[in-house]
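Enquirer: this one's structure only:
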């Protein structure tokens with residue numbers, strides 16, 4: 001009787017399909033075209049890249065922030081259905097040692113699609129990094145039943161659904 005009085009318990013099943021929106025404004029890049037074999041050869045997992053047009057990164061999904069790299073160049077988010085998503089800003093940006101990156105979330109934070117994760121100086125990244133192309137990777141791709149790219153071309157952060165992933 002009192003179970004529902006002090007909080008809603010959600011026993012609804014978790015959706016096995018996840019829509020992954022773009023975490024950036026910019027242009028879609030096929031995973032195989034990312035100029036880094038760690039990503040292009042899917043060593044890290046399935047995914048896609050975005051060539052950002054500005055320096056804002058937003059959450060592409062609802063989930064929990066599992067990792068914020070100390071340099072703020074990458075963020076990991078885990079969704080309710082178990083997908084672990086890595087958003088990596090640019091290539092070889094770890095060498096920038098955090099210069100030009102400002103984090104807006106912490107590990108353990110809950111995020112909705114569109115919540116600001118990181119801002120960065122895109123001009124500095126263009127100057128210092130190998131590329132501004134930013135991989136969006138499912139780091140635990142072994143749990144996927146399917147992964148499909150649904151939108152290519154120009155994308156809008158937190159609006160354009162770029163991919164759909166289904167877990168087993």
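Expert: That came through fine. The shown structure was predicted, so the numbers you read here are calculated from the model rather than taken from an experiment.
Enquirer: burial measure for residue 145, as a count.
Expert: If you count neighbours by other CB atoms under 10 Å, residue 145 ends up with 10. In short, each C-beta sits where N, CA and C put it, glycine included.
Enquirer: residue contacts, it?
Expert: 16, 166-168 (CB atoms under 8 Å, 6 or more residues apart in numbering).
Enquirer: make it 6 Å
Expert: Residues near residue 145 by CB atoms under 6 Å, 6 or more residues apart in numbering: 166, 168.
Enquirer: cool, residue 132 as well?
Expert: Neighbouring residues of residue 132 by CB under 6 Å, 6+ apart: 52, 90, 125-126.
Enquirer: tell me, what residue is most central in this protein?
Expert: Central residue of the chain (CA atoms, centre = their mean): residue 87, 3.6 Å from the mean position.
Enquirer: That one is in what secondary structure piece?
Expert: Taking DSSP states H and E as the criterion, residue 87 maps to strand 84-88.
Enquirer: cool, and residue 117?
Expert: According to DSSP H and E, residue 117 maps onto strand 116-120.
Enquirer: Restricted to buried residues, select the contacts of residue 132 in ChimeraX.
Expert: This is how ChimeraX selects the buried members of the contacts of residue 132, with burial counted by 16 or more other CB atoms under 10 Å:
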select :52,90,125
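Enquirer: Could you list which of the contacts of residue 132 belong to strands?
Expert: residue 52 (DSSP state E).
Enquirer: Low-confidence ranges, this structure, go.
Expert: 1-12 (pLDDT under 70).
Enquirer: and the longest helix for it?
Expert: helix 122-128 (DSSP state H).
Enquirer: re the thing from before, partner strands of the helix or strand just after the strand holding residue 87 and their direction?
Expert: Per DSSP H and E, the first helix or strand lying C-terminal to strand 84-88 is strand 101-103. Strand 101-103 has the following strand partners under DSSP bridges: strand 116-120 (antiparallel).
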